[in-house]
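Chemist: Curious how this folds, go ahead:
(one chain, ligands or ions: 3)
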Amino acid sequence: MTNFAVIGAQWGDEGKGKVVDILARRFDYVIRYQGGHNAGHSVVFQGERFALHVMPSGVFNEKAVNVIANGVVVDPFQLVKEIEGLRNRGVELTPDNLKISNRMHLILPYHGIIDRHREGVGSRKIGTTGRGIGPAYEWKAARRGLRMCDVFHPEYFKAAVAAELESLNNRFSEIEELRAWGLKEMMAKLQPVLDILKPHVVDSVELLSAARAEGASLLFEGAQATLLDIDFGTYPYVTSSNSCAVGISAGAGVPPSTVDEVVGICKAYTTRVGEGPFPTELHDETGEALRKAGFEFGTTTGRPRRCGWLDLVALNYTHQLNGFSTVAIMKLDVLDELPEVKVCKAYRLNGEEITHFPASPVDLNAVEPVYETLPGWQEPTTHIRTYEELPEKVKAYIDYIEKYVGCPIGLISVGPDREQTVIRDRRLKDD
Ligand code: GDP
Ligand code: IMO
Ligand code: MG
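Modeler: Residues are numbered from 1 along each chain as shown. Ligands and ions are numbered 1, 2, ... in the order given. Have a look, this model is predicted:
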């Protein structure tokens with residue numbers, strides 16, 4: 001079977017949830033493999049809107065088994081809340097269709113407290129979601145994290161939590177909030193939620209290996225996006241995991257050769273939440289118009305998203321990293337009313353034109369975008385379902401992006417609903 005990955009090509013919130021939901025219909029497994037509930041993936045159908053955080057976006061498909069793999073960091077309180085929220089809205093989640101890896105690291109209350117504290121002091125604010133993601137990955141790398149498999153050994157688990165709480169009080173004595181968590185309170189709060197999750201826990205290496213051997217099809221759902229990747233993003237203004245395709249093998253425990261096709265998800269413009277360089281950011285009325293038309297407010301934190309033109313230098317870089325088989329251009333409809341549409345085709349840095357994406361945040365803050373201006377189409381596209389029906393000016397815009405990046409554009413999204421989608425690439429179609 002052909003296995004797919006869906007990867008964000010910008011700074012997140014491109015519409016990955018929508019595309020995973022559409023594709024999930026024909027996959028046996030949908031797998032989240034990195035990040036945590038910093039993600040907010042929206043799925044809209046039949047007049048209902050769902051925001052998923054750590055739950056794979058395949059949950060609305062009755063056939064798919066949803067897997068939260070080892071590379072994800074999970075706050076057990078949040079996961080239980082998310083499961084219950086979905087169940088209350090009629091989504092059936094059972095140990096048969098929701099599997100959690102036993103190697104997955106837990107986000108515990110102190111991770112969130114430390115994350116929020118750090119954001120509030122000092123000058124190196126990242127603008128995190130405050131969900132404890134960074135500290136949980138720090139704990140993992142420092143070999144002091146707690147994993148789901150530890151929950152099945154209560155004495156070991158309790159002793160490790162006790163040791164952590166003790167060392168926290170020494171290492172972070174300035175954070176008063178941490179002192180509120182004694183071992184007893186922690187265990188009393190944790191135990192009931194961990195008990196709810198236990199029936200879902202599996203060895204996901206075994207599970208996915210057996211699935212592959214049987215010829216099952218796998219869909220890997222990236223969270224965050226390539227420019228937020230810990231290694232390749234706009235460091236230090238990134239998240240703490242490998243959020244581009246390079247993270248799949250380590251994050252899901254599958255051989256690197258598992259992924260056949262990588263679908264890059266890219267908005268027709270650009271947004272970013274939190275701090276950090278953003279070469280094509282618009283601080284004018286066009287930026288405001290994009291925010292308003294695209295309803296650009298964070299799915300997880302509600303923060304207004306920074307908006308700007310599509311950056312092809314950045315898209316080209318994310319294509320280099322992920323090797324997109326096809327790119328989905330999302331939220332095309334948001335540009336419908338604009339008289340002209342710009343795309344960034346190069347950067348000017350120290351008087352020179354460059355087309356590579358600089359590593360340094362100093363350089364990224366200094367670059368000036370060089371734009372190509374294309375005519376706007378100034379007509380609605382939200383009702384369109386086939387490529388042929390799209391205005392000629394949209395086709396010219398799509399053509400320009402395809403030629404620049406050297407990658408086909410296989411899907412064009414013209415509204416938040418499942419149905420508001422133009423699928424051009426046969427590989428993305430149901431049969
Ligand atoms: P994700 O994190 O990549 O899954 O993206 P988010 O769900 O955080 O943000 C994308 C937002 O855009 C959500 O509110 C979607 O419902 C919405 N959306 C997705 N595709 C389209 C589209 O083609 N047009 C419009 N107007 N909205 C869209
Ligand atoms: P989805 O999957 C957009 C950003 C935060 C911050 C940085 C680090 O919905 O696209 P973190 O809490 O991860 O330590 O914050 O990363 N960020 C996202 N931005 N979409 C996301 O997820 C994000 N997840 C994290 O705003 O700048
Ligand atoms: Mg999002």
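
Chemist: Give me the number of neighbouring residues for residue 316.
Modeler: The number of residues packed near residue 316 is 18, by other Cβ atoms under 10 Å. To be clear about C-beta, it is placed using only N, CA and C from the backbone, and glycine gets the same treatment.

Chemist: beta partners for residue 344?
Modeler: residue 311, residue 371 (DSSP bridges).

Chemist: quick one: it and residue 278 touch, right?
Modeler: No - using Cβ atoms under 8 Å, residue 344 is not in contact with residue 278, being 11.1 Å away.

Chemist: Now do the SS call for the residue lying closest to residue 307 once chain neighbours are set aside.
Modeler: Distance criterion Cβ to Cβ, 6 or more residues apart in numbering; nearest residue to residue 307, sequence neighbours excluded, is residue 290 at 4.1 Å. Under the three-state scheme (DSSP: H, G, I helix; E, B strand; the rest coil), residue 290 adopts helix.

Chemist: Which of the helices or strands spans residue 341?
Modeler: strand 340-349 (DSSP states H and E).

Chemist: Quick check: residues of the stretch 201-350 of the chain near ligand 3?
Modeler: Residues of the stretch 201-350 of the chain lying close to ligand 3 (Cβ under 5 Å from the ion) are residue 299.

Chemist: What parts of the stretch 201-350 of the chain come near ligand 1?
Modeler: 294, 299, 330-331, 333-334 (Cβ under 6 Å from any ligand atom).

Chemist: how near is residue 349 to ligand 1?
Modeler: 29 Å (Cβ to the nearest ligand atom, to the nearest Å).

Chemist: That residue contacts residue 363, doesn't it?
Modeler: Yes - taking contacts as Cβ under 8 Å, residue 349 lies within contact range of residue 363: 6.0 Å.

Chemist: so which of the residues of the stretch 201-350 of the chain next to ligand 1 is the most crowded?
Modeler: Most surrounded of those: other Cβ under 10 Å gives residue 330, at 27 neighbours.

Chemist: Let me see the contact set for that one.
Modeler: Contacts for residue 330 (Cβ atoms under 8 Å, 6 or more residues apart in numbering) come out as 14-15, 18-19, 265-268, 413.

Chemist: Those into CSV, with extra columns for secondary structure and distance to residue 224?
Modeler: Listed next are the contacts of residue 330 as CSV, based on DSSP: H, G, I helix; E, B strand; the rest coil; distance: Cβ to Cβ, whole Å:
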residue, secondary structure, distance to residue 224
14, coil, 10
15, coil, 13
18, helix, 16
19, helix, 15
265, strand, 11
266, strand, 14
267, strand, 14
268, coil, 20
413, strand, 19
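
Chemist: can you pick the most crowded of those?
Modeler: residue 266 (30 neighbours).

Chemist: Tell me which residue in the stretch 151-300 of the chain sits closest to ligand 3.
Modeler: Per Cβ to the ion, residue 299 is where the stretch 151-300 of the chain lies closest to ligand 3, at 4.4 Å.

Chemist: Pop out the phi and psi values for the residue nearest to residue 270 when sequence neighbours are not counted.
Modeler: Distances taken as Cβ to Cβ, 6+ apart place residue 308 nearest to residue 270, at 4.8 Å, with adjacent residues excluded. Backbone geometry at residue 308, expressed as degrees, to the nearest 10, gives phi -170, psi -180.
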